[in-house]
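Chemist: no sequence for this one, just the structure:
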């Protein structure tokens, strides 16, 4: 049974994840080659802010202060974003789909562990993490770019690998720092073998996204 | 009776105004002194994006392409934003209230001229421009800062004057460029004396905002 602290921590890291995703998508939207693309990425940013609002409201409903709940996680998430700042529009598109995708998969796994203690919160987390129209957008942009300049494909595949590497590295920092989340993960998975299975599920889903983009090796 | 072109132009300049306001508020939110303030300004940005979506949908309903309708106005609005880039959190807060406020008042005046031709569009514009909770937020932030450091007040008053000056200057550029909007303004006001009355109404409302902030001279 997860502790109330673990639920607040989970909501806190998710809430800051959404707030910083909002911020970064809004920023990356500026690199769009045209107004339509800029509006599309800005729309994703606005959706993330809507999610932030839902998570912050849930924290308030649980008696927690959203800013205090987010605070322990700001450094790790800012480090992730500063190490994976896209330098082109396509890198931004891939990050919005692949980077945010693997994070969403991870949080969705952890949400399952919260079900027994707080079904409503687990449902909220699953809603917030739904992929929406992001996949179609990323696939369209990347495939069009690769069709025009095939060399782009190798660079984007490397970029995606870097995104995953940095995401894993920051996740390890967060878990090492927050006993409540580490316990939630290990107890929820059953044992360390369960954690290994979870990681292999995440890897499989990441590969599916790379295949959808036409970037798998 | 305004021409259909004038309605598309009006929706186009408003739509780009909202898209660029989204972008700038999202950017300025980073200067917030704390996570609560950052979330609050990010929320304003998300609201602007929702407005953009409504205006873009209306353009599509009128058979216009949103990107094409916005395109003639991007340069003037980007110039306004680049000449009024806030260098502190408080400058950002004042810009979000005073700068966006005078623009909203102006567009609301112009929307009235569209009533006869397209009541639905005029209603949509008025809805989109409603001030919301922005006033309370700006007043709280500015009064708290001035209470702590009274010298801030003079600097912010100057800053607000600059915002208005740049807004007027860019509005003149837009009107000089777009005959349809200039005609809408002059015909809607009745004559040049009507335009002068309109300007004095805008000035009055600007003064009300400055008084609310405690920054009026």
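Modeler: Okay, I see it. No experiment lies behind these values; they were computed from the predicted model shown.
Chemist: may I have the phi/psi pair for the residue lying farthest from the centre of chain A?
Modeler: Centroid-distance maximum for chain A: residue A:148 at 29.0 Å, with C-alpha atoms, centre = their mean. Main-chain torsions, residue A:148, degrees, to the nearest 10: phi -80, psi -40.
Chemist: go ahead and confirm residue A:163 touches residue A:95.
Modeler: Yes - using C-beta atoms under 8 Å, residue A:163 is in contact with residue A:95, at 5.8 Å. C-beta coordinates here come from the backbone N, C-alpha and C atoms, glycine included.
Chemist: quick check: neighbours shared by those two?
Modeler: residue A:84 (C-beta atoms under 8 Å, 6 or more residues apart in numbering or on different chains).
Chemist: and residue A:148, how close does it get to residue B:103?
Modeler: As judged by C-beta to C-beta, to the nearest Å, residue A:148 and residue B:103 stand 39 Å apart.
Chemist: an error on my part: the question was meant for residue A:99.
Modeler: Here residue A:99 is placed at a distance of 35 Å from residue B:103 (C-beta to C-beta).
Chemist: show me what contacts residue A:53?
Modeler: When contacts are counted by C-beta under 8 Å, 6+ apart, residue A:53 touches residue B:43.
Chemist: can you tell me the element it falls in?
Modeler: Element membership of residue A:53, judged by DSSP states H and E, is helix A:35-61.
Chemist: find the nearest non-adjacent residue to the residue of chain A at minimum distance from chain B, please.
Modeler: At 3.5 Å from chain B, residue A:26 is the closest residue in chain A, using C-beta to the nearest C-beta. Nearest residue to residue A:26, sequence neighbours excluded (C-beta to C-beta, 6 or more residues apart in numbering or on different chains): residue B:26, at 3.5 Å.
Chemist: next, the buried residues of the helix or strand encompassing the one you found.
Modeler: Assigned by DSSP H and E, residue B:26 belongs to helix B:4-28. Across helix B:4-28, burial judged by 16 or more other C-beta atoms under 10 Å in any protein chain shown covers B:6-28.
Chemist: for stretch A:109-118, same thing?
Modeler: Buried positions in stretch A:109-118, judged by neighbour count with 16+ other C-beta under 10 Å: A:109, A:110, A:111, A:113, A:114, A:115, A:118.
Chemist: related to what we said a few turns ago, compare residue A:99 and residue B:103 (neighbour count), which wins?
Modeler: residue A:99 (25 against 22; other C-beta atoms under 10 Å in any protein chain shown).
Chemist: just checking, the more buried one touches residue A:163?
Modeler: Yes - between residue A:99 and residue A:163 there is a contact under C-beta under 8 Å: 4.2 Å.
Chemist: which residues are in contact with both of those two?
Modeler: The contact lists of residue A:99 and residue A:163 share residue A:84, where a contact means C-beta under 8 Å, 6+ apart.
Chemist: next, count neighbours for the closest residue to residue A:189 other than its chain neighbours.
Modeler: Of all residues not flanking residue A:189 in the chain, residue A:195 sits nearest, at 4.7 Å (C-beta to C-beta, 6+ apart). Using other C-beta under 10 Å, residue A:195 has 16 other residues around it.
Chemist: pLDDT on the helix or strand where residue A:195 lies, on average?
Modeler: Using DSSP H and E, residue A:195 sits in helix A:192-213. Mean per-residue pLDDT for helix A:192-213: 89.
Chemist: identify the residues contacting it?
Modeler: A:94, A:97-98, A:101-102, A:105-106, A:109, A:135, A:138-139, A:142-143, A:156-157, A:160, A:164, A:185-186, A:188-189, A:216.
Chemist: tell me how far residue A:98 lies from residue B:110.
Modeler: For residue A:98, the distance to residue B:110 (C-beta to C-beta) stands at 44 Å.
Chemist: with residue A:104 instead?
Modeler: 43 Å.
Chemist: quick one: name the residues of chain A near chain B.
Modeler: Counting by C-beta under 8 Å from any C-beta of the partner chain, chain A comes close to chain B at A:16, A:19, A:22-23, A:26-27, A:29-30, A:34-36, A:38-39, A:42-43, A:45-46, A:49-50, A:52-53, A:56, A:66-67, A:70-71, A:74.
Chemist: if any of those are buried, put those into a PyMOL selection.
Modeler: Entered in PyMOL, the line below selects the buried ones among the residues of chain A next to chain B, by 16+ other C-beta under 10 Å:
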select buried, chain A and resi 16+19+22+23+26+27+29+35+38+39+42+43+45+46+49+52+53+56+66+67+70+74
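Chemist: helix or strand for residue A:87, which one?
Modeler: Assigned by DSSP H and E, residue A:87 belongs to no helix or strand.
Chemist: cool, residue A:91 as well?
Modeler: helix A:89-94.
Chemist: now do that helix, average pLDDT.
Modeler: Helix A:89-94 comes out at a mean pLDDT of 96.
Chemist: quick one: contacts of that helix?
Modeler: A:25, A:28-29, A:31-33, A:37, A:41, A:86, A:137-138, A:141-142, A:145, A:152, A:156, A:159-160, A:163, A:213, A:215.
Chemist: next, the buried residues of the helix holding residue A:195.
Modeler: Buried residues in helix A:192-213, counted by 16+ other C-beta under 10 Å: A:195, A:198, A:202, A:205, A:206, A:209, A:210, A:212, A:213.
Chemist: just those residues now: which is nearest residue A:178?
Modeler: residue A:195 (15.5 Å; C-beta to C-beta).
Chemist: residue A:44 - nearest residue in space that isn't next to it in sequence?
Modeler: residue A:25 is the one closest to residue A:44 (C-beta to C-beta, 6+ apart), at 5.1 Å.
Chemist: now the one you found: how far from residue A:145?
Modeler: Residue A:25 is 19 Å from residue A:145, where distance means C-beta to C-beta.
Chemist: and residue A:30, by the same measure?
Modeler: Per C-beta to C-beta, residue A:30 is found 18 Å from residue A:145.
Chemist: any quick ChimeraX command for the buried ones out of the contacts of helix A:89-94?
Modeler: Listed next is the ChimeraX selection for buried residues among the contacts of helix A:89-94, using 16+ other C-beta under 10 Å:
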select /A:25,28,29,31,32,37,41,86,137,138,141,142,145,152,156,159,160,163,213,215
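Chemist: chain center to the helix or strand encompassing residue A:81: distance?
Modeler: Using DSSP H and E, residue A:81 sits in helix A:74-83. Mean C-alpha position of helix A:74-83 versus that of the full chain (C-alpha atoms, centre = their mean, to the nearest Å) differs by 12 Å.
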